[in-house]
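K.L.:
have a look at this fold, sequence not included:
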């Protein structure tokens, strides 16, 4: 991370893609993708012709949940480390 050039305060500059707003937008989008994937699993279980394709929404759900958990963990750690 880059440091400010101020001699009094040496505060680390947070990149825009790692800001709280960007992390909240990412978490919201991943939650929507997770719900979409769960709906895909539900619909593929109802039709016997699509049982073989349950892995795709399952993989999508697992990956979106991984990103969601890591983003929320980052936000929680950042929230409690500021105080």
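P.N.:
Thanks, I have the structure now. Only a predicted model underlies this, so the values are computations on that prediction, with no experimental measurement involved. Numbering: from 1, shown residues only.
K.L.:
burial of residue 23, as a residue count?
P.N.:
Neighbour count for residue 23, taken as other C-beta atoms under 10 Å: 17. (Each C-beta comes from the backbone N, C-alpha and C, glycine too.)
K.L.:
so what's it up against?
P.N.:
For residue 23, the contact set (C-beta atoms under 8 Å, 6 or more residues apart in numbering) comprises 71, 74, 75.
K.L.:
separation between the first one and residue 80?
P.N.:
Pointing back at residue 71 there. 16 Å (C-beta to C-beta, to the nearest Å).
K.L.:
and those two? Which one has more around it.
P.N.:
Shown here are residue 71 and residue 80; by other C-beta under 10 Å, residue 71 has more neighbours (20 against 8).
K.L.:
from the contacts of residue 23, which land in helices?
P.N.:
71, 74, 75 (DSSP state H).
K.L.:
nearest spatial neighbour of the second one, chain-adjacent residues omitted?
P.N.:
For residue 74, the nearest residue in space outside its immediate sequence neighbours is residue 23; the separation is 6.2 Å by C-beta to C-beta, 6 or more residues apart in numbering.
K.L.:
can you confirm the one you found is in a strand?
P.N.:
No. Counting by DSSP: H, G, I helix; E, B strand; the rest coil, one finds residue 23 to be helix, located in no strand.
K.L.:
centroid residue for this structure?
P.N.:
residue 68 (3.0 Å; C-alpha atoms, centre = their mean).
K.L.:
you'd agree that one is up against residue 28?
P.N.:
No. In this structure, residue 68 is not within contact of residue 28 by C-beta atoms under 8 Å, at 9.3 Å.
K.L.:
now the helices for this protein?
P.N.:
20-46, 55-81.
K.L.:
so which of those helices is nearest residue 12?
P.N.:
helix 55-81 (11.8 Å; C-beta to C-beta).
K.L.:
okay, buried residues for the closest one please.
P.N.:
By neighbour count on 16 or more other C-beta atoms under 10 Å, the buried set for helix 55-81 is 57, 60, 61, 64, 65, 68, 71, 72.
K.L.:
now, which of those sits nearest residue 17?
P.N.:
Out of these, the member with the shortest distance to residue 17 (by C-beta to C-beta) is residue 71, at 11.5 Å.
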